[in-house]
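sequence below, structure please.
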Amino acid sequence: FRRVLFRSVANTIEYYNVAAFDSCYVGGVPDPGAANPACAPSTYLDVDWTQCTDRADLQWSPVVHWPGGVDRYEIWISELTQDGVQSGPQLLDVVPGTLTIYEHVGATIGSLYRYRVIAHAAQGPWTQSSNVAENLFTYPGGPEWIRWNEVSIVTDSVAVLRAEVDASSSEPHVYELWRNEPYDDDYEYVTSRWSTGGPIQMLDSTIEGGLGQYKYYLKVVNACADSVLGTSIAETVYLTGTVLEERLANALSWTPFEGWDVPRDRQVLMRGIQFGGALDEIEDFGAFDFSHDDELEDQYDTPGEFCYRVRAEQTDSGWASISNEVCLTLPPVVWIPNALVHNGFNNTWKPSVVFADVTEYRVDVFSRWGDLIWTTDDPDAAWDGTKDGALLPEAFYPYTLRIQDGAGRVVARMGHVQVVRRP
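Here you go, the predicted model:
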């Protein structure tokens, strides 16, 4: 006797029994007659898949109601590929009737597999089929593209890094930042963050901005811990400078920024007066200029402290990357006239100090016998060649000069000033 029941299969084991009914009524109800003393369970198949692998663990409930037990279980599969190609069902494997587990190895990533287990009785032509269990072997890919927008040295210890990532990916990924330090051959892990794409910003707060050029790349890691994409190597702009004391200038040179998908097309030199001052653009360069001498004759009234940065640009894309800051200090420059001429062009005598934020100042003028004739602590004061209002005779008069600026630098001079009288 065989009867097929059409019904929805639950996600669990189901139990069935069969009873015979005759036409006699006992106590007003049909006589059930003899029924099977035990219910027969269905075979329930479950699939457990470990993400990022091509393996699936199959486990099913055993057939327990056959005399003589189960001879074997057949595992059948069908496959639906990513391209929509259907294959099967086909026999995957056969296991002894004592086993209720099986590991499917070598599945095609991206395909949908349907599994069914068929039990065969040991003493009879009986078979029993399980439910159909499905598993989609997926693999988290990565974004289609990633590119650098900015790699700038914002302080001596901090770099800011900005990138843009394809935002069409539906899965989040880990973005790992790796760094190569100056004079080092290896890259080291810096930090990471999760993102589904779009703009990404990271900070590297463990650098020494004045040490040299840093190199970075971003690595995209999926949920399987596999690297699926990466940026090109970004090389920071490294700026150096030297004071040209005799020329009253600062010589600057820098390395080119590398890492954009489109080459840089502009470089801008920026300069600030005094440490911590705002930086203004002073020179504009093309893509392949990497040095400049900053002549400072027109900056005499400044303290002599100058800070610089270089900004590399890709103007069409709006990308920019800024170098480390370099600060240079010109030593104080002192000009001292060697004479004053009454009724001449220079009727007074005064030392001039430039490139110095003067905090202490003293000038003493003496007679030829060492007597103090004139003294001042005012940098703007000038000597007119007199003592107590009386014009001194023509002669050479010794002087001493001592100044100190805000940086603690001391300049001392001594010499002679000649007093010349014209009728």
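
end to end, how far does stretch 346-362 reach?
Start-to-end span of stretch 346-362 (C-alpha to C-alpha, to the nearest Å) is 21 Å.

buried set for it?
In terms of neighbour count (16 or more other C-beta atoms under 10 Å), stretch 346-362 has its buried residues at 349-351, 353-357, 361. Where you see a C-beta, it was placed from the backbone N, CA and C, and this is true even at glycine.

try stretch 234-246
Within stretch 234-246, the residues that count as buried by 16+ other C-beta under 10 Å are 234-241, 243-244.

also stretch 131-138?
For stretch 131-138, a neighbour-count test (16+ other C-beta under 10 Å) marks 131, 133, 135, 137-138 as buried.

can you tell me which of the buried residues of stretch 234-246 are in helices?
Per DSSP state H, helices hold no members of these.

pick the one among those residues closest to Asp377.
Val243 (28.7 Å; C-beta to C-beta).

quickly list what that closest one is bridged to.
Beta-bridge pairing of Val243 under DSSP bridges involves Asn250.

what sits against the residue most central in space within the chain?
The geometric centre of the chain, computed from its C-alpha atoms, lies nearest to Met202 (C-alpha atoms, centre = their mean), at 3.9 Å. Neighbour list for Met202: 160-162, 175, 177, 190-191, 193 [criterion: C-beta atoms under 8 Å, 6 or more residues apart in numbering].

that one pairs with what?
For Met202, the beta-bridge assignment (DSSP bridges) gives partners Leu161.

I'd guessed Asp54 sits against Ala107; true?
Yes. Shown here, Asp54 and Ala107 form a contact pair, counting by C-beta atoms under 8 Å, at 4.6 Å.

thinking again about what came up before, which of the buried residues of stretch 131-138 has the weakest pLDDT?
Ranked by pLDDT, these bottom out at Thr138, which has 90.

and that residue, which of the three is it?
For Thr138, the assignment made with DSSP: H, G, I helix; E, B strand; the rest coil gives coil.

and the pLDDT for Arg3?
50.

err, Phe275, not the other one
Per-residue pLDDT puts Phe275 at 82.

for it, what are its contacts?
Residues counted as contacts of Phe275 (C-beta under 8 Å, 6+ apart) are 305, 307, 327.

what is the nearest of those residues to Phe288?
Of these, the one sitting nearest to Phe288 (C-beta to C-beta) turns out to be Cys307, at 24.8 Å.

could you double-check that that closest one sits in contact with Thr329?
No. Contact criterion C-beta under 8 Å: Cys307 and Thr329 do not qualify, at 9.9 Å.

touching, Lys219 and Tyr187? I think so.
No. Lys219 is beyond contact range of Tyr187, at 9.7 Å (criterion: C-beta under 8 Å).

who touches both of these two?
Trp178.

tally of neighbours for Asp378?
If you count neighbours by other C-beta atoms under 10 Å, Asp378 ends up with 10.

backbone torsions only: list them for Asp298.
phi -90, psi 10 (degrees, to the nearest 10).

measure it to Ile282 for me?
Distance from Asp298 to Ile282, counting by C-beta to C-beta, to the nearest Å: 11 Å.

between those two, which is the more surrounded one?
It is Ile282, of Asp298 and Ile282, that has more neighbours when counted by other C-beta under 10 Å, with 13 against 8.

with adjacent residues omitted, what lies nearest to the more buried one?
Arg271 (4.8 Å; C-beta to C-beta, 6 or more residues apart in numbering).

noted, bye for now.
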